[in-house]
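In: one predicted model, sequence on top.
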Amino acid sequence: MVEHLPELIDPLALAEKNRQFKGSMPVSKMTRMQDILLRREGEVRFELRFGKDGKFAVITGRVEADLELQCQCCLGPIACPVSSRVSLAVVGSVDEADLLPGCYEPLLFDKANIPLADIIQEELLLALPTIPQHGRCEAYKPKEKGPKLEIPERPNPFAVLAKLKK
Ligand SMILES: [Zn+2]
């Protein structure tokens, strides 16, 4: 069953009920990302499944967004489509995180409901480049040469000298 997700979630309760959610959320809600975004419009699409893997409550799914970051080289815009697989396991402590199977990232949950936006934001941040930069940034290109100057052929001064020596 796919339904709309509340803003604050209790991942343990949702996992017990095997709930699934699909939806979107404005990029402007990703408060920690605002500084690195050049454009704060648009939506983050997500699909999240809550369930159990052994004794762990897990969240799997996908988050996707078309973000626009600022190139740290030329300060121009970079289109940055993100599509990240979510694979989280809910843990109560850092020690518990060490027990997780390798395919899961720990999600620390201390019984206070978590804003859904935080989980999605975390996933996006992990998927983004640390230093956004164009693959072939214009600022690195050698300066474009103007139209070629026509240099008139000049006689080689040495050739003249050679003649005089004869
Ligand atoms: Zn650039």
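Out: Received the coordinates, thanks.

In: following element in sequence after the least confident helix or strand in the chain by mean pLDDT, please.
Out: With mean pLDDT, DSSP states H and E as the measure, the helix or strand of the chain carrying the lowest mean pLDDT is strand 2-3 (a mean of 54). Sequence-wise, the next helix or strand downstream of strand 2-3 (DSSP states H and E) is strand 8-9.

In: show me what counts as buried in stretch 38-48.
Out: 38, 44-46, 48 (16 or more other CB atoms under 10 Å). C-betas here are computed from N, CA, C, even on glycine.

In: now those residues in a markdown table, with pLDDT and secondary structure?
Out: As requested, the buried residues of stretch 38-48 are exported to a markdown table (pLDDT from 0 to 100; DSSP: H, G, I helix; E, B strand; the rest coil):
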| residue | pLDDT | secondary structure |
| --- | --- | --- |
| Leu38 | 88 | coil |
| Val44 | 96 | strand |
| Arg45 | 96 | strand |
| Phe46 | 95 | strand |
| Leu48 | 95 | strand |
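
In: contacting residues for the residue sitting nearest the centre point of the chain?
Out: Closest to where the C-alpha atoms of the chain average out (CA atoms, centre = their mean) is Leu128, at 2.1 Å. Leu128 is in contact with 36, 67, 69, 80, 82, counting by CB atoms under 8 Å, 6 or more residues apart in numbering.

In: just among those, which is most surrounded?
Out: Leu67 (23 neighbours; other CB atoms under 10 Å).

In: which one of the buried residues of stretch 38-48 is nearest to the ion?
Out: Closest to the ion out of the buried residues of stretch 38-48 is Leu38 (11.5 Å), distances taken as CB to the ion.

In: what about the closest one, distance to Glu68?
Out: 5 Å (CB to CB, to the nearest Å).

In: which residues do those two both contact?
Out: 77-78.

In: look up how far Ala57 lies from the residue nearest to the centre of the chain.
Out: 26 Å.

In: which residues does Phe50 bridge with?
Out: Ile59 (DSSP bridges).

In: which stretch of helix or strand covers the nearest residue to Asp66 once chain neighbours are set aside?
Out: Excluding its sequence neighbours, the residue lying closest to Asp66 (CB to CB, 6 or more residues apart in numbering) is Pro81, at 5.1 Å. Per DSSP H and E: Pro81 is located in strand 77-91.
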